[in-house]
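Trainee: My questions concern the predicted model and sequence given below.
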Amino acid sequence: MDITSQVIQAINGWLQSLGQSVLGPALQAAGQLIFQTPAFDALAPVKQSWAIARDVADGLFVLALLLGGVLVMASGTFETEYSAKRLLPRLVLAAVLCNASLALCGALIRLDNALVTGLLGPDPSSSLWAQATAGLGRPDIGGQVVSSLLSLAAAILAVLLVVVYIVRDLILLLGTVLAPLALAAYSLPQTEELATLWWRIYAAGLLVQVAQAVLIAVGARLVAHTEWLGASSALVSGLVLVTLLYLLLKMPFLAYRWAFRQSVRQNRIVQVIALAAKAVAA
């Protein structure tokens, strides 16, 4: 065997070892995060932070009531449609939602977890997810080079999926804590968009998990039975699995775009972070 072949074999072996060492823990962590949303309403720090936000929101209701009175009095002078009959129900509903937001968030999370369990069974991370991802470590997946590349690609996608789900859970945690302030914004028409944005963000964060559960339920069967593609081999199953991981990674960004009605690249915060990163790198 010449030196070139030895170097290529060493590189392939290193890539395969790297991919396999990262792939297992990444897939395990992704499986644990995808199928279960933590009960943030039961965490003591979240309860304490939520109580502070609720107290601040209750104080702001006094200001909202005063501003509403000003708008009602000004409705006879300016071309406005504000009236006590229109503003008072909004204020009452906002106050009820604000003070019940912790229980509401907890109920939504439990409903989300129940939908995932109903779709995939009681323990999908150790059954369906393990079944779908078991083929990546097979030596007959298509040769050493292809096996190394597929394992490495799957490991990268799995790590990115874990990062995305950590961000998603962090957004839901912050959404639970800030729910009183966001829902209190419904009390006035001028700030109603803040409450609507909170609903879209929280709903997107929860529903994306259900959509991914459906995708996994279908994808696991497609990985096991690739006859629908007209070919059946370990290589095709590995490629289907990598495609499944890519779609799972793509779905939270689509949910983000629906919630904010813009792509990630158009977000000013993301643009500022990108510019700061470029400045540091330069």
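Mentor: Here it is on my side, so go on. Fair warning: this is a prediction, and the values are worked out from it, not measured in the lab. Residues are numbered from 1 along each chain as shown.
Trainee: Any regions of this protein where pLDDT drops low?
Mentor: Low-confidence segments of the chain (pLDDT under 70): 1-2, 4-22, 64, 67-87, 125-148, 223-235, 237, 262-282.
Trainee: In it, what residue spans correspond to helices?
Mentor: Per DSSP state H, the chain carries helices over the ranges 3-34, 44-74, 84-99, 101-120, 128-133, 144-177, 179-184, 192-224, 234-260, 268-281.
Trainee: which of those helices sits most buried?
Mentor: helix 179-184 (a mean of 24; mean count of other Cβ atoms under 10 Å). C-betas here are computed from N, CA, C, even on glycine.
Trainee: Contacts for stretch 109-124 next, please.
Mentor: Stretch 109-124 has contacts (Cβ atoms under 8 Å, 6 or more residues apart in numbering) with 31, 35-41, 127-128, 172, 206-207, 209-210, 213-214, 216-217.
Trainee: repeat that with 7 Å
Mentor: When contacts are defined by Cβ atoms under 7 Å, 6 or more residues apart in numbering, stretch 109-124 is touched by residues 35-37, 39-40, 127-128, 206, 209-210, 213-214, 216-217.
Trainee: Could you do stretch 168-187 as well?
Mentor: So stretch 168-187 is contacted by 37-38, 40-41, 46, 49-50, 53-54, 56-57, 60-61, 64, 90-91, 93-94, 97-98, 101, 105, 191-192, 194-195, 198, 201-202, 205, 252 (Cβ under 7 Å, 6+ apart).
Trainee: follow-up on the earlier one: take the contacts of stretch 109-124 and write them to TSV, including distance to residue 27.
Mentor: Shown next, in TSV, are the contacts of stretch 109-124 (distance: Cβ to Cβ, whole Å):
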residue	distance to residue 27
35	13
36	15
37	19
39	24
40	25
127	14
128	13
206	23
209	17
210	21
213	16
214	19
216	12
217	17
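Trainee: What separation do you get for the nearest residue to residue 39 once chain neighbours are set aside and residue 101?
Mentor: Distance criterion Cβ to Cβ, 6 or more residues apart in numbering; nearest residue to residue 39, sequence neighbours excluded, is residue 109 at 6.1 Å. According to Cβ to Cβ, to the nearest Å, residue 109 and residue 101 sit 12 Å apart.
Trainee: Over to residue 202?
Mentor: 10 Å.
Trainee: got it, and residue 210?
Mentor: 21 Å.
Trainee: Residue 34 now?
Mentor: Counting by Cβ to Cβ, the gap from residue 34 to residue 101 is 26 Å.
Trainee: Now do the same contact list for the residue nearest to residue 157 when sequence neighbours are not counted.
Mentor: Leaving out its chain neighbours, the residue that sits closest to residue 157 by Cβ to Cβ, 6+ apart is residue 245, at 4.0 Å. Neighbour list for residue 245: 154, 157, 158, 161 [criterion: Cβ under 7 Å, 6+ apart].
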